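Student: Everything below, folded, please.
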Amino acid sequence: PLSPVVIASPGFTDVRGDHVAKMELLASYGFIGVAIDHAHAYATVFPDGRLLKSGAITSQLNSYFPSDIRDVQFVLEELTRMNEEDPVFRRSLDLERVATMGGAFGGGVAGEIARIDPRVKASVHLDAYYQAATTLLQAGMGKPLLYTYSTEAGGLQTLFNRATQDAYSLQITGTRHGDF
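Tutor: Take a look at the predicted model:
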């Protein structure tokens with residue numbers, strides 16, 4: 001059977017490992033979870049053992065947004081290739097059922113890629129920050145959305161209010177931004 005795919009985009013300076021528990025839970029329900037380290041990740045270890053530490057600066061936060069979008073597009077292309085060629089994943093990925101998920105800054109990335117890429121059918125935003133996603137906030141996403149937010153951050157309802165598809169907004173009482 002084909003497995004639906006969820007691609008996770010971490011927040012600014014966060015790493016893909018922050019999503020491991022979420023990806024494991026999704027896998028237990030038959031999903032394929034893919035988490036990305038972006039250029040601003042605190043650190044990345046490559047398969048050959050090399051360690052790359054970012055020098056990401058908060059004042060340059062918005063400048064990372066376009067490259068994060070390209071990272072997700074690259075992953076989508078690689079998943080397509082793997083679904084055709086890879087001996088482990090060949091014909092196992094349901095690329096007609098792809099969702100994005102993102103926390104904090106990654107929530108804006110998850111929403112924008114869902115807005116612009118027809119391969120992405122829905123998006124989950126975990127206490128998302130949308131400061132670089134101005135077009136997303138103006139135009140809306142046009143796809144199903146699950147938006148969770150902490151009592152600490154308060155939540156930005158703009159994207160939820162612009163929803164033209166199923167959308168769920170959920171504030172989790174007693175949570176802080178880091179809980180997501």
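
Student: Residue 60 should be in a helix, yeah?
Tutor: Yes. Residue assignment for residue 60, taken from DSSP: H, G, I helix; E, B strand; the rest coil, places it within a helix.

Student: can you tell me how far it sits from residue 67?
Tutor: Computed with CB to CB, to the nearest Å, the distance linking residue 60 and residue 67 is 11 Å. Quick note: C-beta positions are derived from backbone N, CA and C, even for glycine.

Student: overlap in contacts of the two?
Tutor: Between them, residue 60 and residue 67 share no contacting residue under CB atoms under 8 Å, 6 or more residues apart in numbering.

Student: Which strands or helices does the helix or strand containing residue 113 pack on?
Tutor: Secondary-structure assignment from DSSP states H and E places residue 113 in helix 105-116. Identification of packing neighbours for helix 105-116 by 3 or more CB pairs under 8 Å, 6 or more residues apart in numbering; DSSP states H and E yields strand 3-9, helix 65-85, strand 93-103, strand 120-126, helix 134-139.

Student: again, only this time at 10 Å
Tutor: When contacts are defined as 3 or more CB pairs under 10 Å, 6 or more residues apart in numbering; DSSP states H and E, helix 105-116 packs onto strand 3-9, helix 65-85, strand 93-103, strand 120-126, helix 134-139, strand 145-150, helix 158-161.

Student: between it and strand 3-9, how many degrees?
Tutor: Interaxial angle, helix 105-116 versus strand 3-9 (axes from the mean of the first three to the mean of the last three CA atoms, to 10 degrees): 130 degrees.

Student: Helix 105-116: which residues count as buried?
Tutor: Within helix 105-116, the residues scored as buried using 16 or more other CB atoms under 10 Å are 105, 106, 107, 108, 109, 110, 111, 112, 113, 114, 115.

Student: By mean pLDDT, point me to the weakest helix or strand of the protein.
Tutor: Of all helical and strand segments in the chain, the minimum by mean pLDDT, DSSP states H and E falls on strand 43-45, at a mean of 74.

Student: now for it, which elements pack on it?
Tutor: Under the contact definition 3+ CB pairs under 10 Å, 6+ apart, strand 43-45 sits against strand 51-53.

Student: Can you give the contact residues for the strand it packs on?
Tutor: By CB atoms under 10 Å, 6 or more residues apart in numbering, the list of residues contacting strand 51-53 from outside reads 37, 39, 41, 42, 43, 44, 45, 46.

Student: Can you go through the residues you listed and name the buried ones?
Tutor: Going by neighbour count (16+ other CB under 10 Å), the contacts of strand 51-53 have 37, 41, 44 buried.

Student: Let me have the residues you listed in a markdown table, adding distance to residue 129 as columns.
Tutor: Written out in a markdown table, the entries for the buried ones among the contacts of strand 51-53 read as follows (distance: CB to CB, whole Å):
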| residue | distance to residue 129 |
| --- | --- |
| 37 | 18 |
| 41 | 16 |
| 44 | 21 |
